[in-house]
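Peer 1: Sequence and predicted structure are below.
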Amino acid sequence: MTTAIIAEDEDLPRKELRRMLAELWPELKIVAECEHGAEALEAIHEHQPDIAFLDIRMPGMTGLDVAHAVKGRCHAVFTTAYDSYAIDAFAAGAVDYLLKPILQARLIEAIERLKTRIASKQDAPDISQLMSALDKRLRSNASERIRWVSASVGDTIKMFAIDKILFFTSDEKYTRVVCASDEAHVRKPLKEIMDGLDTEQFWQIHRSVVVRADAISKAHRDEMGRYTVELHGSNEKLKVSQAYAWRFKPM
């Protein structure tokens, strides 16, 4: 049985893609539906699907980040509402993309290509150069990045420069913001904050933890292969989930 995951942060497009796949490829089993890239990466590790339908633009970890992390372990089909990102980069046909709203005829083409590749046991193609080109284009068109984070503490407003923040952690409806000399909670979920972060500067290492990459001093791996990281300017040790362990593999 051919298996797939769908990663899309908006409910309606995700449900519509699942409906269309059920109609056009009823033998395909959807093993997970994901709302963001971190969840998609975890689902790929857990289910080992044949195909991943990945929205290019998702908060925090994009579809491109996910595809890079899994390095060809499944066939990727990117979905995007921004054809300027896709038309040139996908012209070679090494990997497929679907422009939203997805047309039935276009999805049928993608399904036929996937069936051919899977039936012939073709390995998922190396798309690292393609992803690099797309990633640069995506980031060059990114919305304004966060420069400051302000937090209300009693009758005081604390201001944190983004390049002084060591890490963010999710705390229910709040987000904990930690610097070397101070910390506070902001009334904004981590997922929303991640939308305004530069993902080259800030790395997600766990579903609920984002760290500034250049603040990382070392990563420790235990006998079970689990990682924790230490940061310059903090005594806290932060856990790395299995989905993000690839960031710390030796070069």
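Peer 2: Good, I have the coordinates.
Peer 1: partners of His75 in the sheet?
Peer 2: Ile51 (DSSP bridges).
Peer 1: wait, Thr175
Peer 2: Beta-bridge pairing for Thr175 (DSSP bridges): Ser170, Val186.
Peer 1: shouldn't it be in contact with Ala184?
Peer 2: No - applying Cβ atoms under 8 Å, one finds Thr175 not in contact with Ala184, separated by 9.6 Å. The way it works is simple: take the backbone N, C-alpha and C, and place the C-beta from them, glycine included.
Peer 1: Quick check on Pro13: phi, psi?
Peer 2: The phi and psi values for Pro13, taken as degrees, to the nearest 10, are phi -60, psi -30.
Peer 1: residues near it, how many?
Peer 2: Counted by other Cβ atoms under 10 Å, the residues lying close to Pro13 total 17.
Peer 1: quick one: which of Thr175 and Ala184 has more around it?
Peer 2: Each of Thr175 and Ala184 has its neighbours counted (other Cβ under 10 Å); Thr175 has more, 24 against 20.
Peer 1: distance of the residue sitting furthest away from the middle of the chain from Asp182?
Peer 2: No residue in the chain sits farther from the centre than Asp155, which is 36.8 Å out by Cα atoms, centre = their mean. Per Cβ to Cβ, to the nearest Å, Asp155 is found 17 Å from Asp182.
Peer 1: residues in contact with Thr3?
Peer 2: By Cβ atoms under 8 Å, 6 or more residues apart in numbering, the contact set of Thr3 is 28-31, 47-51.
Peer 1: What residues are bridge-paired with it?
Peer 2: Beta bridges link Thr3 to Lys29 when assigned by DSSP bridges.
Peer 1: What about the nearest residue to Lys173 once chain neighbours are set aside, how many residues nearby?
Peer 2: Leaving aside its sequence neighbours, Lys173 sits nearest to Pro189 (Cβ to Cβ, 6 or more residues apart in numbering; 6.5 Å). Using other Cβ under 10 Å, Pro189 has 14 other residues around it.
Peer 1: hang on, Pro189 packs against Asp171?
Peer 2: No - counting by Cβ under 8 Å, Pro189 does not reach Asp171; the two are 9.5 Å apart.
Peer 1: Backbone dihedrals for His68, both of them.
Peer 2: With angles defined as degrees, to the nearest 10, His68 sits at phi -60, psi -40.
Peer 1: let me fix that: Ser152
Peer 2: Backbone geometry at Ser152, expressed as degrees, to the nearest 10, gives phi -90, psi 120.
Peer 1: Same check on Arg247?
Peer 2: Arg247 adopts backbone torsions of phi -60, psi -20, taken as degrees, to the nearest 10.
Peer 1: show me the contacts for Glu39.
Peer 2: 7, 32, 207.
Peer 1: which one of those sits closest to Arg113?
Peer 2: Set against Arg113, the nearest of the contacts of Glu39 by Cβ to Cβ is Ala7 (19.4 Å).
Peer 1: which residues does the closest one form a beta bridge with?
Peer 2: Beta bridges link Ala7 to Cys34, Leu54 when assigned by DSSP bridges.
Peer 1: Next up, the contacts around it.
Peer 2: 33-37, 39-40, 43, 52-55, 58, 63, 66.
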